[in-house]
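3D model of this:
(chains A, B and C)
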Amino acid sequence: MITEGELLDDLNPAQREAVLHRGSPLLVIAGAGSGKTRVLTRRIAHLVLTGETRASSVLAITFTNKAADEMRSRLVNMLGDEARYMWMSTFHSACVRILRTNAERFGYSKSFTIYDTQDSRRLIEQIEKELNVDPKKIRPQALLREIGAAKSEMVDFESYRDRASGPFERTVSEVYSQYQQRLKQFSAMDFDDLLMVTVNLFEACPDILDMYRDRFKHILVDEYQDTNQVQNRLVLMLGEVHRNVCVVGDADQSIYMFRGADVRNILEFEKAFPDVKVIALEQNYRSTRNILDTANAVISNNRSRIPKNLWTSSDTGPPIFRYRANDENDEARFVSKEVKRLVDQEALFYSDMAVFYRTNAQSRALEEAFVMEGIPYKVIGSTRFYDRREVKDLIAYLMVVANPADDLSARRIINSPKRGVGEATLAKVVEYAKANKINLVDSFSYATEAGVSKKASEALAELASVISDLVKMNDDGAGPAQLLATVLERTGYRESIKSLEVHEAQSRMENIAELVSMAGRFGELQDMLETVALVSDADDLYDIEGKVSLMTIHIAKGLEFEVVFMAGMDDGVFPHMRSIDDPVQLEEERRLCYVGITRSKRWLYMTHAWERMLWGAYTSSIPSRFISEIPDELVRDL
DNA sequence: TATCATAGTGTTTTT
DNA sequence: CACTATGATA
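Numbers count the residues shown, from 1 in each chain, chains lettered A, B, ... in the order given. Purely as a prediction, here's the structure:
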């Protein structure tokens, strides 16, 4: 176990102050690379080590599950097993935990289902059709976005209805209301509900709120600049009594406005707690001076910004390298050659390097070039493993087993694998379920009564019997892996894949195998489904050993690399077209650029292409304005 | 009902 | 271009 001295020894005065401060709320303004994670970890360790707080009274919120796991394992190293009792997770995971414990108090089943964005979109599209709204004219995504925005400001569908004006908002209002009713009926919640419903729960049941307020003696939140209003509300609610709230953030790294994040929460925090202690961490330990100067030069172009002076005592380092490529293939070739050269001449490892881009689509050309050069790489993010068709299909079976009220998942499995159930059959069972007020899954056994053809009703009866067996197995304690194996065999899912094209079949089987092996790590179905619903792209960061990492800049937040390539530095790509004529959004793009630059410890490359394949046609572009914001003397052309 | 071909349509970023 | 939605045909 670590000693108190060791905890504080290698900290600078500001960091130490942040670790030691007591007695009032604390706001740590932490510049990029200033050691905020270290401060957060040490602060928690110090609280527990000195006996001031028990680990189980600590609530620490991070941006990703991965970050939470890392912090927890560091704390376990410092404090021993007691650290395992800390609440350390994302807002979403913490809320799920609270909601599961108290679900019955507000009319949801304890085994409520969590819908991801894709599920929500499907449900909304379904509702649009029922309401005779053309999903082509008003895209489900647009509705979901609007509904999500409302939820992140805690506007429920009743209040939305009251304030709706104009045709669009009235449509949204109708869909929103239907959507919520349906979610409730299915005992399901979407991402935004997890947060909003928790706040509602606390408001409706003061005794529950008091319980958690009392329990969490210390609350710590990382990446505060990326919290939205509901999250802010949760923190303020929970922290109100003990007031031992410590939040860490950097307004210059706020890059999730589009998701409802509100930098003003940092200011709100100061307003909510007038006696707040503010500590600024301004020494950067990560990057060379050239990189820091570059970052500072770029970000200083943001007008709505509180100036800050991030400094470093490290060496000047290499200049920023710029390459002007003919097209995206030339750009990718340059990057791959340079990666090779750095490995050969600078004795760097592949895992020291990362390539960042603005949009996932840009990874393609890079991947091709890497394959060509034989460079090992890993694309982080892009299509989530759990979003793959076959994976979602199989998980839908498990979701129905865990929560039979989940009609959306029932709809998904009704004809996958294909069992001769089409639109007509679906309509009949849906109608039957509605008329008899039963779950859609339960209607499968009454297909004949519902007027379904003999062939289809036989298929549905068989499906119903498989599901009831699965439910029984689950009750008897069979693990998720065993359930999956049963689904694969009994439903003919495995068999159905054989009819696919060889390459496709192989890739699907691989994914299924991975899913089954992942399921094997869980004893409880519910645990598995929860993990599946809440893991993010960024949580996928294992397995980069010996590989170059490719990712969007958003995912790169919080990471650092010896060498960073920022590809696609073209006006229109980055900053993105849709942000260019809105000053507010342009500033967010610039912060994103700042985040990218500050990920680099030593080498930074920016590449741009004069021509780029876009929507199947070559489009010409000019270098990103962000490049021209870097002082010339820091840049070297290659 | 399934399958195939064709048309149309859309691409930011994600817990 | 790549994906999906739609519609004609078996």
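
which bits of the stretch 451-600 of chain A sit near DNA strand B?
Among all residues of the stretch 451-600 of chain A, those adjacent to DNA strand B (criterion: C-beta under 7 Å from any atom of the strand) are A:453, A:456, A:499, A:534, A:536-539, A:552, A:554-555, A:576, A:578-579, A:585, A:592. All C-beta spots, glycine's among them, are computed from the backbone N, C-alpha and C.

What distance do you get for the closest residue in space to A:S579 that isn't next to it in sequence to A:D527?
If the residues on either side of it in the chain are set aside, A:S579 comes closest to A:Q585, at 3.8 Å by C-beta to C-beta, 6 or more residues apart in numbering. Between A:Q585 and A:D527 the distance is 39 Å, computed by C-beta to C-beta, to the nearest Å.

Please identify which of the two sits among more neighbours.
Higher neighbour count among A:Q585 and A:D527: A:Q585, with 16 against 13, using other C-beta atoms under 10 Å.

who touches that one in this structure?
Each residue near A:Q585 by C-beta atoms under 8 Å, 6 or more residues apart in numbering is listed here: A:257, A:578-579.

give me the number of residues near the residue nearest to A:E203 when sequence neighbours are not counted?
Distance criterion C-beta to C-beta, 6+ apart; nearest residue to A:E203, sequence neighbours excluded, is A:L209 at 7.8 Å. Applying other C-beta under 10 Å, we find 20 other residues in the vicinity of A:L209.

How much space separates A:L209 from A:V199?
For A:L209, the distance to A:V199 under the criterion C-beta to C-beta works out to 10 Å.

Spit out the residues that contact those two alike.
Shared contacts of A:L209 and A:V199, defined by C-beta under 8 Å, 6+ apart, are found at A:M237.

Of the contacts of A:Q585, which is the nearest to DNA strand B?
Minimum distance to DNA strand B across the contacts of A:Q585 is 4.1 Å, recorded for A:R578 (C-beta to the nearest atom of the strand).

For that closest one, which three-state class applies?
Of the three states, A:R578 takes helix under DSSP: H, G, I helix; E, B strand; the rest coil.

Let me know whether A:E587 touches A:S304 as I believe.
Yes: if you go by C-beta atoms under 8 Å, A:E587 and A:S304 touch, sitting 6.4 Å apart.

If we ignore the residues flanking it in sequence, what's nearest the one residue in the stretch 501-638 of chain A that gets nearest to DNA strand B?
For the stretch 501-638 of chain A, the residue closest to DNA strand B is A:S536, as judged by C-beta to the nearest atom of the strand, at 2.8 Å. If the residues on either side of it in the chain are set aside, A:S536 comes closest to A:T64, at 5.6 Å by C-beta to C-beta, 6+ apart.

again with A:E431
For A:E431, the nearest residue in space outside its immediate sequence neighbours is A:A450; the separation is 7.1 Å by C-beta to C-beta, 6+ apart.

Helix, strand or coil: sort out the residue of the stretch 451-600 of chain A found nearest DNA strand C for me.
Closest to DNA strand C within the stretch 451-600 of chain A is A:E504: 11.4 Å, counting by C-beta to the nearest atom of the strand. Assigned with three-state DSSP, A:E504 falls in the helix class.

related to what we said a few turns ago, pull the contacting residues for the residue of the stretch 501-638 of chain A closest to DNA strand B.
A:64-65, A:384.

next one: A:R389
Counting by C-beta under 8 Å, 6+ apart, the residues that A:R389 touches are A:R508.

Walk me through the regions of the stretch 451-600 of chain A where pLDDT falls short of the threshold, as ranges.
When the per-residue scores of the stretch 451-600 of chain A are filtered using pLDDT under 70, the ranges that remain are A:537-543.

one step back: surely the residue nearest to A:S536 touches A:S89?
No: with contacts counted by C-beta under 8 Å, A:T64 stays clear of A:S89, the gap being 9.7 Å.

and the residue of the stretch 501-638 of chain A closest to DNA strand B, how far is that from A:F385?
The spacing between A:S536 and A:F385, counted by C-beta to C-beta, is 11 Å.

what about the closest residue to DNA strand C within the stretch 301-450 of chain A, how many residues close to it?
Residue of the stretch 301-450 of chain A nearest DNA strand C, by C-beta to the nearest atom of the strand: A:R364 (7.0 Å). Residues contacting A:R364 under the criterion other C-beta under 10 Å number 14.

Tell me if I am right that it is in a strand.
No: per three-state DSSP, A:R364 lies outside any strand segment and is helix.

Partner strands of the lengthiest strand in chain A, with direction?
The longest strand of chain A (DSSP state E) is strand A:600-609. Note on strand A:600-609: by DSSP bridges, its sheet partners are strand A:320-325 (parallel), strand A:561-566 (parallel).

Thanks a lot, catch you later.
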